[in-house]
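> Have a look at this prediction, sequence included:
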Amino acid sequence: MVAIRNEIDKVADSPASVLITGPSGSGKDVAAQLLHQKSRRAGAPYIALNCAAVAADLLESEMFGHEAGAFTGATRARTGRFEAAHTGTLFLDEVGDMPLAMQAKLLRALETRVVERVGGMIPITVEVRLISATSVDLLAAIDRGLFRSDLLYRLDVIRIEMPPLADRPQDIPLLVEHFCLTAGAPPIRFEKAAMALLMDHPWAGNVRELKNFVERTRAHHPGEVITRDALPRLLRPTGASVVGGSVVGGSATRVTETMNDVLGGTLPPMTLPQLDPGHGVDLRQLIADLEQAYIRAALSACGGTIAGSARLLGLQRTTLIEKMRRLHITPSA
Ligand SMILES: Nc1ncnc2c1ncn2[C@@H]1O[C@H](COP(=O)(O)OP(=O)(O)OP(=O)(O)O)[C@@H](O)[C@H]1O
């Protein structure tokens with residue numbers, strides 16, 4: 001993190017676009033905010049937009065705004081994120097999830113520094129510093145025809161790479177100490193041997209998983225010193241993801257056999273963690289993993305066709321496409 005902070009100090013004031021890469025939970029959002037705070041733009045707006053969280057047909061109006069009556073439901077005119085970020089920083093998270101049509105519009109806006117609201121005729125000049133982030137490999141996305149190479153060159157003028165937490169174990173004690181002391185349940189402390197074990201853990205969900213782990217431990221053991229012996233109960237062997245991993249905890253319930261009976265044996269091994277007072281579950285992650293496993297299985301069972309898979313899953317085609325975009329699933333995968 002020291003190397004990354006130094007890099008951020010060096011480039012904070014440059015007007016050039018920055019692309020932050022790294023796996024989910026590695027701190028891309030944190031790095032983007034730091035870039036803004038350290039820049040001369042710190043007093044100007046910092047506007048963030050998660051491209052994966054907005055439905056494809058609403059993305060244009062989110063980015064560029066719309067005039068009243070531009071489409072059904074647009075009762076009032078609305079400022080887009082580009083305009084809102086004028087003189088400041090616009091952070092586009094999960095930029096790899098942007099549909100191709102929108103990528104063309106973003107490229108034009110970056111080249112001309114002019115935007116037009118949906119349904120509007122008046123060109124609006126904007127001056128923003130663009131930071132984008134991705135957890136997917138954009139070169140691979142270009143190869144698959146899902147991302148424009150000309151846009152990548154525009155976005156990737158300065159690159160900041162956030163390494164997975166497992167590649168920088170020396171950061172773990174500092175992060176743990178930070179999360180032990182921030183607001184919440186009474187602070188805890190990890191004895192030396194326990195910290196050594198934490199430094200060896202794979203942390204598949206990166207800093208986000210470490211933060212959740214410390215918060216969970218504080219909730220269960222407020223004010224205590226955590227020993228190495230207490231960790232196996234608190235740590236999840238496969239990190240944030242249970243799909244494709246092994247059994248979570250000793251008393252997990254196997255569910256994939258039943259799913260495979262239904263879907264013809266296409267699901268990866270998956271288990272449901274046991275819920276007990278000493279061991280919580282990350283419900284949102286669990287549901288996302290389940291959703292992903294079923295979508296992949298349905299696509300595989302239907303030879304990659306969206307319509308067939310949507311039918312099998314009882315979803316609208318557009319809903320399935322939206323979910324696939326959010327979960328980074330391609331039909332061939
Ligand atoms: N260096 C750090 N110091 C303190 N907290 C951190 C640090 N890095 C990450 N975090 C915390 O970890 C969590 C995940 O970080 P962040 O949202 O920046 O990751 P991300 O790479 O943007 O994830 P995603 O790709 O899923 O959006 C956040 O709660 C953030 O506050």
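In hand now; what should we look at? Numbers count the residues shown, from 1 in each chain.

> was I right about residue 176 contacting residue 198?
Yes - between residue 176 and residue 198 a contact is recorded at 6.4 Å, counting by CB atoms under 8 Å. In short, each C-beta sits where N, CA and C put it, glycine included.

> State the distance from the residue lying closest to residue 93 once chain neighbours are set aside to the ligand.
Distances taken as CB to CB, 6 or more residues apart in numbering place residue 50 nearest to residue 93, at 4.4 Å, with adjacent residues excluded. Distance of residue 50 to the ligand, given as CB to the nearest ligand atom, to the nearest Å: 7 Å.

> Correct me if wrong: residue 50 contacts residue 96.
No - Residue 50 is beyond contact range of residue 96, at 11.8 Å (criterion: CB under 8 Å).

> For residue 114, grab phi and psi.
The phi/psi pair for residue 114 (degrees, to the nearest 10) reads phi -130, psi 140.

> ok, now residue 173?
Backbone phi and psi, for residue 173 under degrees, to the nearest 10, turn out to be phi -60, psi -40.

> And the pLDDT at residue 211?
pLDDT recorded at residue 211 is 93.

> what does residue 267 give?
Note on residue 267: pLDDT of 53.

> Can you name the residues of the stretch 151-300 of the chain that neighbour the ligand?
Proximity of the stretch 151-300 of the chain to the ligand, by CB under 6 Å from any ligand atom, involves residues 175, 178, 207, 208, 211.

> quick one: residue 154 from residue 62, how far?
19 Å (CB to CB, to the nearest Å).

> Which residue of the two possesses the greater neighbour count?
Between residue 154 and residue 62, counted using other CB atoms under 10 Å, the more crowded position is residue 62 (20 against 17).

> Residue 312 is in contact with residue 295, correct?
No - Residue 295 lies out of contact with residue 312 (CB under 8 Å); the separation is 9.8 Å.

> Can you give me every residue that contacts residue 158?
Residues near residue 158 by CB atoms under 8 Å, 6 or more residues apart in numbering: 11, 14, 16, 17, 18, 19.

> so what's it closest to, chain neighbours aside?
Using CB to CB, 6+ apart, the nearest residue to residue 158 is residue 18, at 4.6 Å.

> who touches that neighbour in this structure?
Counting by CB under 8 Å, 6+ apart, residue 18 touches 11, 32, 35, 129, 130, 131, 132, 157, 158, 159, 160.

> quick one: the second one and residue 152, what's the gap?
Taking CB to CB as the measure, residue 32 falls 18 Å from residue 152.

> More neighbours: the two, which one.
The neighbour comparison of residue 32 against residue 152 (other CB under 10 Å) goes to residue 32, with 23 against 20.

> so residue 89 touches residue 40, yeah?
No - using CB under 8 Å, residue 89 makes no contact with residue 40, being 10.8 Å away.

> the more surrounded of the two?
When residue 89 and residue 40 are compared on other CB under 10 Å, the one with more neighbours turns out to be residue 89, at 23 against 10.

> coming back round to it: more crowded one of residue 50 and residue 96?
More crowded of residue 50 and residue 96, by other CB under 10 Å: residue 96, with 23 against 16.

> Can I get stretch 141-151 as PDB, trimmed to CA atoms?
Extracted C-alpha coordinates of stretch 141-151, given in PDB (Å, rounded to 0.1, in the frame of the first residue of the first chain):
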ATOM      1  CA  ALA A 141     -13.000  -8.500 -22.900                       C
ATOM      2  CA  ILE A 142     -11.600  -6.800 -26.100                       C
ATOM      3  CA  ASP A 143     -10.700 -10.200 -27.500                       C
ATOM      4  CA  ARG A 144     -14.300 -11.400 -26.900                       C
ATOM      5  CA  GLY A 145     -15.700  -8.300 -28.600                       C
ATOM      6  CA  LEU A 146     -17.200  -7.000 -25.300                       C
ATOM      7  CA  PHE A 147     -15.000  -3.900 -24.900                       C
ATOM      8  CA  ARG A 148     -13.700  -1.300 -27.300                       C
ATOM      9  CA  SER A 149     -10.000  -1.100 -27.600                       C
ATOM     10  CA  ASP A 150     -10.100   2.600 -28.400                       C
ATOM     11  CA  LEU A 151     -12.000   3.300 -25.200                       C
END
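
> can you tell me the helix or strand for residue 172?
Residue 172 is part of helix 172-181 when elements are defined by DSSP states H and E.

> for that helix, packing partners?
strand 189-190, helix 192-200, helix 206-220 (3 or more CB pairs under 8 Å, 6 or more residues apart in numbering; DSSP states H and E).

> how far is the second one from where the chain is centred?
Once both centres are worked out by CA atoms, centre = their mean, to the nearest Å, helix 192-200 turns out to sit 27 Å from its chain's centre.
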